[in-house]
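Peer 1: here is my input; please provide its structure:
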Amino acid sequence: MLGIISLQGLTRELSLYLESQVRVGLLGSGVGLSLVLGFGAAYACYYLSVIAKRPQLVAGGEALCRFLKQHCPAVTETYYPTVWCWEGRAQTLLRPFITVKPHVHYHKCVVFNNRGVAGENLLTPRTYCAANTEDLETVIQHVNTLYPEAPLMAAGVSMGGMLLLNYLGKTGRQTPLQGAAVFSAGWEVFESATLLEKPLNWILFNYYLTTCLQASIMRHRSVLEKQFNIDYVMKAKSIREFDTRFTSVMFGYPTNDHYYTDASPCHRVKSIEIPVLCLNAVDDVFSPGHAIPVESAKQNPNVALVLTAYGGHIGFLEGIWPRQQTYMDRIFKQFVQAIFEHGSELSSM
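Peer 2: Prediction:
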């Protein structure tokens with residue numbers, strides 16, 4: 001209540017100040033500067049009271065919650081989105097163009113590429129989907145065989161996060177991973193597809209991504225056209241249409257709805273049995289806030305959700321000129337270090 005009264009009082013005083021400055025400016029000078037200063041003060045008040053907020057930390061167990069607060073302090077710090085670019089779609093669109101690769105002290109890394117996306121030729125008429133985790137499981141088991149004594153963790157972003165979550169939900173304790181980090185995953189595919197089909201989102205994201213998927217198919221047409229109607233696939237105008245005509249057919253689902261149900265990680269949260277940190281922005285157009293499985297996460301002591309009010313899809317820009325690391329980068333670095341250096345604290349979970 002004190003904060004509300006203070007903000008109202010500040011707004012009232014600011015209005016009176018602007019009114020007096022406008023009267024003076026009309027008779028003399030200074031109205032332009034006064035308006036700029038007044039607008040700046042009003043925007044600062046709005047930004048600090050509405051935009052800049054601490055993320056919501058949802059954890060099903062006290063042990064994981066304490067672990068994160070102690071070793072990954074960014075999850076409880078106020079997230080200050082870039083003041084001139086805090087809206088979700090803007091963050092999503094601008095991040096690839098204005099950020100640079102941050103200097104990171106890496107552990108040994110293995111990058112998992114889905115079939116057909118890294119320049120290689122397909123040997124069989126099969127690509128990938130968010131529900132089929134066979135390839136990912138093969139890679140993880142192979143790495144574990146090569147380095148049986150090395151601690152392993154995995155990170156997934158966007159669809160990669162969906163794939164990782166589905167893998168963890170299927171394998172449970174059978175995975176050799178000690179922990180996982182997931183960023184901007186789409187939790188409920190039906191809701192994601194519906195939001196992406198809104199007119200503005202379709203123009204900005206959906207149609208472009210559909211053409212990217214189609215371009216990937218065209219690169220491997222000689223292999224794929226033996227089993228699929230590629231001309232029909234190339235006429236798709238949305239991701240849902242593409243999945244209906246190609247992805248769901250390739251992986252043998254009766255309908256696209258069956259595929260979307262199987263691909264939605266929200267149904268497997270309860271089966272995850274290693275520590276997992278998931279970062280999402282509530283304004284993510286690829287993963288709407290109302291579809292994030294908060295209640296399911298509360299029932300699993302191995303899962304923690306970090307939910308920011310703003311940040312978009314893989315955006316999380318912060319600072320006046322966000323050229324360096326993002327909020328997502330900071331959380332990732334802290335969590336990886338925590339798992340490798342203090343993971344034994346979670347062994348009793």
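
Peer 1: who touches Asp243 in this structure?
Peer 2: Residues in contact with Asp243, defined by C-beta atoms under 8 Å, 6 or more residues apart in numbering, are 256, 259-260. Heads up, the C-betas are built off the backbone N, CA and C, glycines and all.

Peer 1: can I get those in a markdown table with secondary structure, distance to Gly61 and neighbour count?
Peer 2: Shown next, in a markdown table, are these (DSSP: H, G, I helix; E, B strand; the rest coil; distance: C-beta to C-beta, whole Å; neighbours: other C-beta atoms under 10 Å):
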| residue | secondary structure | distance to Gly61 | neighbour count |
| --- | --- | --- | --- |
| Asn256 | helix | 36 | 20 |
| Tyr259 | helix | 32 | 24 |
| Tyr260 | helix | 30 | 23 |
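
Peer 1: and of the residues you listed, the nearest to Leu123?
Peer 2: Nearest to Leu123 among the contacts of Asp243: Tyr259, at 23.6 Å, using C-beta to C-beta.

Peer 1: go ahead and confirm that closest one touches Ala131.
Peer 2: Yes. Counting by C-beta atoms under 8 Å, Tyr259 does reach Ala131; the two are 6.4 Å apart.

Peer 1: any residues in contact with both of those two?
Peer 2: Phe251.

Peer 1: buried residues, stretch 289-303. List them.
Peer 2: 289, 291-293, 296-297, 300-303 (16 or more other C-beta atoms under 10 Å).

Peer 1: and stretch 86-100, by the same measure?
Peer 2: 86, 88-95, 99.

Peer 1: any stretches of the chain with poor pLDDT?
Peer 2: 1-31, 102, 104, 348-349 (pLDDT under 70).

Peer 1: phi, psi for the residue nearest in space to the middle of it please.
Peer 2: Among the residues of the chain, the one closest to the centroid is Ser184, at 1.2 Å (C-alpha atoms, centre = their mean). The phi/psi pair for Ser184 (degrees, to the nearest 10) reads phi 50, psi 40.

Peer 1: does it touch Val285 like I think?
Peer 2: No. Applying C-beta under 8 Å as the test, Ser184 and Val285 come out as separate, 10.4 Å apart.

Peer 1: need the overlap of contacts for those two.
Peer 2: His313.

Peer 1: can you add distance to Glu62 and secondary structure and give the buried residues of stretch 289-303 back as a markdown table?
Peer 2: Compiled in a markdown table, these are given as follows (distance: C-beta to C-beta, whole Å; DSSP: H, G, I helix; E, B strand; the rest coil):
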| residue | distance to Glu62 | secondary structure |
| --- | --- | --- |
| Gly289 | 25 | helix |
| Ala291 | 26 | helix |
| Ile292 | 21 | coil |
| Pro293 | 20 | coil |
| Ser296 | 18 | helix |
| Ala297 | 14 | helix |
| Asn300 | 13 | coil |
| Pro301 | 8 | coil |
| Asn302 | 13 | coil |
| Val303 | 13 | strand |
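
Peer 1: next up, the contacts around Val269.
Peer 2: Here Val269 is in contact with 165, 169, 293, 296-297, 300, 303 (criterion: C-beta under 8 Å, 6+ apart).

Peer 1: report the two of those separated the most.
Peer 2: Greatest spatial distance among those (C-beta to C-beta): Gly169 and Ala297, at 12.6 Å.

Peer 1: neighbours of Trp200, how many?
Peer 2: Let me fix one detail, which is that residue 200 is Leu and not Trp. 10 (other C-beta atoms under 10 Å).

Peer 1: ok, and the closest non-adjacent residue to it?
Peer 2: Distances taken as C-beta to C-beta, 6 or more residues apart in numbering put Arg89 closest to Leu200, at 7.6 Å, once the chain neighbours are dropped.

Peer 1: part of a helix, is the one you found?
Peer 2: Yes. Membership of Arg89 in a helix is supported by DSSP: H, G, I helix; E, B strand; the rest coil.

Peer 1: wait, it touches Asp284, no?
Peer 2: No. The pair Arg89 / Asp284 is not scored as a contact, 9.6 Å apart, by C-beta under 8 Å.

Peer 1: anything in contact with each of those two?
Peer 2: Gly312.

Peer 1: what pairs with Tyr79 across the strands?
Peer 2: In this entry, Tyr79 is beta-bridged to Lys53, by DSSP bridges.

Peer 1: got the contact list for it?
Peer 2: 52-55, 308-311, 316, 318, 327.

Peer 1: which residues in the stretch 1-150 of the chain form helices?
Peer 2: 2-27, 31-46, 62-71, 88-98, 134-146 (DSSP state H, counting those that start in this stretch).
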